[in-house]
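K.L.:
Sequence isn't available, so here's the structure alone:
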Ligand SMILES: [Zn+2]
Ligand SMILES: [Zn+2]
């Protein structure tokens, strides 16, 4: 099958991307689905900071590659042995396949799936590949999905069925932003009713963490970001207090507001400085949880004695510790009841050929979620 896709041949081109145009809309080819695979007609795919790290080179991926890992669509065709979905099913795509067989999957922690992680690092599918072709050249898969394209060839284990009446733009957010953010608040941090929470960085993941904190029944939810517009958005979805990271030292302001710090500080800032502020805003005995995928060379140091004497927990959260087959339907139910308004995270919709301009807007932190619609 031939289809249009946004192909990245080289990362790290200079900004503005509207001029350097790192992503080219090209006609690529995919084979029919092999055993265990499906082709999905992509209906909506949103831009996430992790896609930006592919484009700007903060994280290394095999090239060329088609990015895009937060999407929803309709199953077009399935290969042999596929039983979990059939043509016509509406699906959310998930960026780490759950093989169901490795030690992590068996112990109920599919967000750590070893085989899915290995396939993602190598830019192929769980079932092999790379299977995307541009002329004679093999093109790699991003996170087993490569969703900035009219169609995606994926493992059936990358799909979760969703209700047919759920709009695709909203549906696209559940696979990354919602699981990573709300899951971090609910499962990785494990917020209990009445506890205090600070969320650093109000991109899609940070705002979804605010929604998760509301769902968990947090008493105080303090949102931190340099953008007044994003702080206002956080307040509209349940943040109880806001701190502008540009006008004060956020950790000091939060320690003052809470007389010593919050029970849980969630860092979704994508920066080491944000993590460091989150750590200092956490009270003694509290937990600092980060979802930030900063460049691998960047490090953070602290006196180990403080971890002990202050009984602190520092935790990393990947995919919000979620089990996608359990949590995507649960979060969709909360959305439909109006209790998790993820639609507020959508800044705008756009066409695939506007994608370079959209990465400029994301780099400038002007937007929350921009969704490419097909
Ligand atoms: Zn993402
Ligand atoms: Zn696994």
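P.N.:
Looks like it arrived, so ask away. Treat the numbers as computed from the prediction; the structure is a model and nothing was measured. Numbers count the residues shown, from 1 in each chain. Ligands and ions are numbered 1, 2, ... in the order given.
K.L.:
How much space separates the residue of the stretch 151-300 of the chain found nearest ligand 2 from residue 109?
P.N.:
Ligand 2 sits closest to residue 157 of the stretch 151-300 of the chain, with a gap of 8.6 Å, by Cβ to the ion. Just so you know, the C-beta spots here come from the backbone N, C-alpha and C atoms, and that holds for glycine as well. Using Cβ to Cβ, to the nearest Å, one gets 15 Å for the distance from residue 157 to residue 109.
K.L.:
So these two - more neighbours on which side?
P.N.:
Using other Cβ atoms under 10 Å, the more surrounded residue of residue 157 and residue 109 is residue 157, with 28 against 17.
K.L.:
next one: phi and psi at the residue of the stretch 151-300 of the chain closest to ligand 2?
P.N.:
Dihedral pair for residue 157: phi -80, psi 0, per degrees, to the nearest 10.
K.L.:
Which residue, neighbours along the chain excluded, lies closest to it?
P.N.:
Once flanking residues are discounted, residue 157 sits nearest to residue 97: 4.2 Å by Cβ to Cβ, 6 or more residues apart in numbering.
K.L.:
Name the SS class of that neighbour, please.
P.N.:
For residue 97, the assignment made with DSSP: H, G, I helix; E, B strand; the rest coil gives coil.
K.L.:
Look at it and say how many residues are nearby.
P.N.:
Residue 97: 28 neighbours (other Cβ under 10 Å).
K.L.:
what's the spacing between it and ligand 1?
P.N.:
15 Å (Cβ to the ion, to the nearest Å).
K.L.:
List the contacts of that residue.
P.N.:
Residue 97 makes contacts with 113, 115-116, 119, 125-126, 144, 155, 157-158, as judged by Cβ atoms under 8 Å, 6 or more residues apart in numbering.
K.L.:
if you set the cut-off to 7 Å instead, what comes out?
P.N.:
Counting by Cβ atoms under 7 Å, 6 or more residues apart in numbering, residue 97 touches 113, 116, 119, 126, 144, 155, 157-158.
K.L.:
Tabulate those residues (a markdown table), appending secondary structure and pLDDT.
P.N.:
Shown next, in a markdown table, are these (DSSP: H, G, I helix; E, B strand; the rest coil; pLDDT from 0 to 100):
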| residue | secondary structure | pLDDT |
| --- | --- | --- |
| 113 | coil | 96 |
| 116 | helix | 97 |
| 119 | helix | 97 |
| 126 | coil | 96 |
| 144 | coil | 97 |
| 155 | strand | 98 |
| 157 | helix | 96 |
| 158 | helix | 97 |
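K.L.:
Then residue 120 would be within a helix, right?
P.N.:
Yes: judged by three-state DSSP, residue 120 forms part of a helix.
K.L.:
What sits closest to it if chain neighbours are left out?
P.N.:
Closest to residue 120 by Cβ to Cβ, 6+ apart is residue 143, at 5.3 Å.
K.L.:
Thought residue 113 was touching that neighbour, still the case?
P.N.:
No: the criterion here is Cβ atoms under 7 Å, and residue 143 misses it with residue 113 at 12.0 Å.
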